[in-house]
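# just to be clear, the model below is a prediction. Sequence and coordinates:
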Amino acid sequence: MYWIKNKKIKEVIGIVIIGMMLLSLVGCGTSTSDEEAQPSAVASEGEVKQEEEAVVLRLEGGDWGYPSPYLHYSRGPGGYKMQLIFDSLLESGEEGVIPWLAKEWEIAEDGLSYIFTLQQDVKWHDGQPLTPEDVKFSFEYFEKHPPVWNPVMVGNEPIVKEIEILEDNRLKFILGEKDATILEKIGTVRIIPEHIWSGVEDPDSFQDEGAVIGCGPYKLTDYNKEHETYEFTAFEDYWGPKQRVEKIQFVPVSDEIMAFENKEIDVIGIGSDLLDRYQNDPQFKVLENPAFWGYRLSLNMEKNLLFKEKDIRQAIAYGIDQEEMVEKVARGAAIAGSAGYLPKNHIWYNPTVKKYPFDEEKAKTLLGDKKLSFELLTGDSNAEVRIAELMKISLEKIGVEIEIKSVDMKTRDNAVSTGNYEMALIGHGGWGRDADILRTRYSDIPGYENEQINALAEEQLREMDIAKRKELISALQELIAEEIPMIPVYNTTGYTVYRPNTYDGWMYMFDHHSVSHGKLSYLERE
Amino acid sequence: MKKVSNLIKAFSFLGKASVMVMMLFFILAIIPSLLTSHSPYIPSGGALTPPSTLHWMGTDDLGIDLWAQICHGARSSLIVGFGTAFLAAGGGSLIGILGGYYGGKLDGCLMRSIDLMMVVPELPTMIVLGAFFGPSKMNIIIVLSLFSWTRPARIVRSKILSIKEEKYVKVAEGYGGGFSYLARRHFLPQVFPLIMVNFIKLISRAIVAEASLSFLGLGDPTSKSWGLILNHAMSFRGIYFTDFWKWWIIFPLLCIVLMVLAISLISKEIENLLC
């Protein structure tokens, strides 16, 4: 009798356990929405108060290095943090380059000298005044010690031959050669204080507070590498437009969208799946990003000589189904890459370049009866692994075997910069910059040298007439598309969502995909 | 075989249900291609279609059938689970018997190395080793076994220490019974239930460990394991704000939970009946 009872009890317990398991699974889904609702109510009260006082913005953190010109990580989130602290002569506005530390400039008739007039009463974060000597010093210092971003050298040549300090806060830059993009180049070089850096012999290990004294709108008030947090505070003696945001904090988040829903961060990027959730709600504002961030497939022709054959490169390009990747990996929020590199949103995009739609037959004809296999290096983000998987599937159809090796982002970046890969999938921003990027991108492909591309790239750089230069760039894109030394995969668009009640000063720089990178997003504008 | 079926007959309702669940997973693992007409590697439908008659667990972001992936994932989970348990329980008990029987310096060495293995933090070391040797099923099995043999070894050793002092063992020794004779006739039959229980516990531990390694992205990125399906699903941006989690996360999660639960219930039953 007893054991029957016992058995019954066990049965009941079993059913209850299974029931609880199922409930807990369902519970996972509903409880998240409960959690969202509560803190947000509390947070919104707090924010009303905040608006009267000072705006504090919280953005997604992550360690992108110490924001000195030498120690930040060489990607957008690192470089643009550094640029909040360090100003340059010119700045990227909504429409194009705008005057910044230099309030005006004149170009000599021969195009070989530029005279910049500096703003008055510019102060460093430590209270010292900025002088024209600082500007001259910065260019000379960067020549000796190249910074992570904004180099003053093109190849082995400095962009400026000589800098003369004139009276009335003016500087004269004398060039050795004509350069169509010289304004952007001089304009983006960061200005660093001579009184601090003149004594620094090894800038790569200079990491005390002095390394982040700039004359930009924000001071670094906290950085914690382990917690991956940063705090930037408005510099009260800033020469320029008043800061609308008092503090910018970068905080660690595990799930970006969850954090945004809980009001832990104030701006996020989303794909098309969540568009409906935010688009018709007046509480949120949605912006569509320009497609200036993208993935490309690099082929290392030093590691594998097969890539030197144009037919094989073209076959691979035909064997990659860009449209499928846009649809599946980017969920429609992307534009298939142009074989001529410059993306569709670029002002100088050439729509007539050769296209490589997925075409099994063409690819097979180009390959002949070769059976190839390559190792594809990717980062470990979900999108990269998924792109790699789709590449593997579609390339298998044309008879190319792919072995995927997935490593973390920094390892991949390092392998790509040291040339230690066969094929690499890499994603980065900056696709919207001046078309001169074609010259830099296509001149340092390992093992690849094309006289025609180099000549055209050089010619466009020296061409000062905009219409003529545009023609040269178009021709260059056509040549690149035919040669296809690397394969642009797709450029992401995606959307930016924020709460206009908290802060609505977001703005895109004319050539950039992210609203949170440009310093103008945090300053008063006309 | 008869012993096993008698054992299962003695199980409670929960134990029998667990055995049924395990049998189902075995069937999934052995004949996945008979159970699904879709490939677990190649897209066979639209991306993220909800469960339907064609794809009855829906598809993932690439349009690959989830049911097919789960069937193939069952195989890799079971291979890792049983492979690890076999290596660790087998190797561990051998070491335990040797140490317990011979004692002295050998025992000291073995026990100290067990102490050493026990203080090494498991997950961080597994992550480092996983990253170092590169992601593959074989490596995962070896790395997991390296960290799992200590428990069976200790338990078996202490049991052997007490058996060794029994009079009949002393008598057998006196008549010239060597190590292999004693191990076969006296030690193994007595420690077998202990090994069995440990073996089964190890299986569920290894399955969870494999899933978590894959989930952390240290498994083979293109293999189809349950942990990896979850990894892809959970790193899908804002998946909880869409409908996709209802099939893409729930099904693999349910499989992991069910399998681990079934294995632990079986091990509990065996423990109750044998030990």
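Sure thing, it's come through. Small disclaimer: the values here were computed from a predicted structure and weren't measured.

# give me the number of residues near B:Phe133?
By other C-beta atoms under 10 Å in any protein chain shown, the residues close to B:Phe133 number 13. Just so you know, the C-beta spots here come from the backbone N, C-alpha and C atoms, and that holds for glycine as well.

# which residues does it contact?
Going by C-beta atoms under 8 Å, 6 or more residues apart in numbering or on different chains, B:Phe133 touches B:Asn139, B:Ile142, B:Val143.

# quick one: contacts for the second one?
When you say that, I think you mean B:Ile142. Residues in contact with B:Ile142 (C-beta under 8 Å, 6+ apart) are B:Leu87, B:Phe133.

# Provide the secondary structure category for it.
helix (DSSP: H, G, I helix; E, B strand; the rest coil).

# could you check how far it is from chain A?
20 Å (C-beta to the nearest C-beta, to the nearest Å).

# now do the same for that residue: its pLDDT.
Predicted confidence (pLDDT) for B:Ile142: 87.

# also the first one?
According to the predicted model, the pLDDT of B:Asn139 comes to 81.

# what's the burial count for whichever residue of the stretch 151-300 of chain A sits closest to chain B?
Per C-beta to the nearest C-beta, A:Ile257 is where the stretch 151-300 of chain A lies closest to chain B, at 3.8 Å. A:Ile257 has 21 neighbours, counted by other C-beta under 10 Å.

# for the one 5 residues further on, same thing?
Other residues within reach of A:Asn262 by the criterion other C-beta under 10 Å amount to 17.

# for it, phi and psi?
Dihedral pair for A:Asn262: phi -90, psi 10, per degrees, to the nearest 10.

# got the residues of chain B near chain A?
B:12-14, B:17, B:41-43, B:47, B:61-63, B:217, B:221-222, B:231-232, B:235-238, B:240-242, B:244-246, B:250, B:253-254, B:257, B:261 (C-beta under 8 Å from any C-beta of the partner chain).

# if we use 6 Å, what do you get?
Those residues of chain B that sit near chain A, judged by C-beta under 6 Å from any C-beta of the partner chain, are B:12-14, B:42, B:47, B:61-62, B:217, B:221-222, B:235, B:237-238, B:240-242.

# out of the residues you listed, which is nearest to A:Val326?
Ranked by distance to A:Val326 (C-beta to C-beta), these are led by B:Ala47 at 11.3 Å.

# strands of the stretch 101-250 of chain A, start to end?
Counting by DSSP state E, counting those that start in this stretch, one finds strands in the stretch 101-250 of chain A at the ranges A:102-107, A:113-118, A:153-154, A:157-158, A:162-166, A:170-174, A:218-224, A:229-234, A:245-251.

# surely A:Ile335 forms part of a helix?
No. Assigned with three-state DSSP, A:Ile335 falls outside any helix and is strand.

# for it, what are its contacts?
A:Ala291, A:Lys344, A:Asn491 (C-beta atoms under 6 Å, 6 or more residues apart in numbering or on different chains).

# how far away is the residue nearest to the first one when sequence neighbours are not counted from A:Met325?
To tie it back to what came earlier, the one meant is A:Ala291. Spatially, and ignoring its direct neighbours in sequence, A:Ala291 is nearest to A:Asn491 (3.7 Å; C-beta to C-beta, 6 or more residues apart in numbering or on different chains). A:Asn491 sits at a distance of 11 Å from A:Met325 (criterion: C-beta to C-beta, to the nearest Å).

# so for the two, which sits in the more crowded spot?
Legend: neighbour count by other C-beta under 10 Å for A:Asn491 and A:Met325, higher for A:Asn491 (30 against 23).

# isn't there a helix covering the more buried one?
No. Under three-state DSSP, A:Asn491 sits outside any helix and is assigned strand.

# ok, it - contacts?
Applying C-beta under 6 Å, 6+ apart, the residues near A:Asn491 are A:Ala291, A:Gly294, A:Ile335, A:Pro343, A:Trp431.

# and it, what's its pLDDT?
Looking at A:Asn491, the pLDDT reads 96.

# A:Gly79 now?
For A:Gly79, the model assigns a pLDDT of 95.

# just to be sure, it is in a helix?
Yes. According to three-state DSSP, A:Gly79 belongs to a helix.

# separation between it and B:Val260?
For A:Gly79, the distance to B:Val260 equals 46 Å [C-beta to C-beta].

# could you do A:Ala108 as well?
Distance from A:Ala108 to B:Val260, by C-beta to C-beta: 76 Å.

# now swap in A:Ile257 and tell me
Taken as C-beta to C-beta, the span from A:Ile257 to B:Val260 is 29 Å.

# one more: A:Glu184?
Applying C-beta to C-beta, the value for A:Glu184 to B:Val260 is 58 Å.

# kindly report the same for A:Ile402.
For A:Ile402, the distance to B:Val260 equals 34 Å [C-beta to C-beta].

# what about these two, which has more around it?
A:Ile402 (22 against 18).

# tell me the phi and psi of the more buried one?
phi -120, psi 130.

# that one contacts A:Lys392, correct?
Yes. Counting by C-beta atoms under 6 Å, A:Ile402 does reach A:Lys392; the two are 4.2 Å apart.

# can you tell me the SS state at the closest residue to chain A within the stretch 51-200 of chain B?
Closest approach between the stretch 51-200 of chain B and chain A, counting by C-beta to the nearest C-beta: B:Leu62, at 5.4 Å. With three-state DSSP as the basis, B:Leu62 sits in coil.

# tell me the contacts of it?
Under the criterion of C-beta under 6 Å, 6+ apart, the neighbours of B:Leu62 are A:Lys328, B:Pro43.

# redo that, cut-off 8 Å
Applying C-beta under 8 Å, 6+ apart to B:Leu62 gives the contacts A:Lys328, A:Val329, A:Arg386, A:Glu389, A:Leu390, B:Pro43, B:Ala47.

# also A:Lys362?
By C-beta under 8 Å, 6+ apart, the contact set of A:Lys362 is A:Ala315, A:Tyr318.

# how much space between it and chain B?
According to C-beta to the nearest C-beta, A:Lys362 stands 21 Å off from chain B.

# from the contact counts, what lies against the one helix or strand B:Pro252 maps to?
Here B:Pro252 is covered by helix B:250-274, with elements defined by DSSP states H and E. Under the contact criterion of 3 or more C-beta pairs under 8 Å, 6 or more residues apart in numbering or on different chains; DSSP states H and E, helix B:250-274 touches helix A:2-52, helix B:2-9, helix B:13-30, helix B:66-102, helix B:188-215, helix B:226-234.

# report all helices and strands that the fifth one contacts.
With contacts defined as 3+ C-beta pairs under 8 Å, 6+ apart, helix B:188-215 has these neighbours: helix B:66-102, helix B:122-133, helix B:137-146, helix B:150-164, helix B:226-234, helix B:250-274.

# that one vs helix B:13-30, what angle?
Relative orientation of helix B:188-215 versus helix B:13-30 (axes from the mean of the first three to the mean of the last three C-alpha atoms, to 10 degrees): 60 degrees.

# rounded mean pLDDT for helix B:188-215, please.
Averaging pLDDT along helix B:188-215 gives 86.

# flag every buried residue along the helix holding B:Pro252.
B:250-253, B:255-256, B:258-271 (16 or more other C-beta atoms under 10 Å in any protein chain shown).

# what is the mean pLDDT for it?
89.

# shaky segments in the chain?
With no chain named, the answer covers chain A. A:1-53 (pLDDT under 70).

# not quite, I wanted chain B
Along chain B, the model assigns pLDDT under 70 to residues B:1, B:135, B:217-220, B:275.
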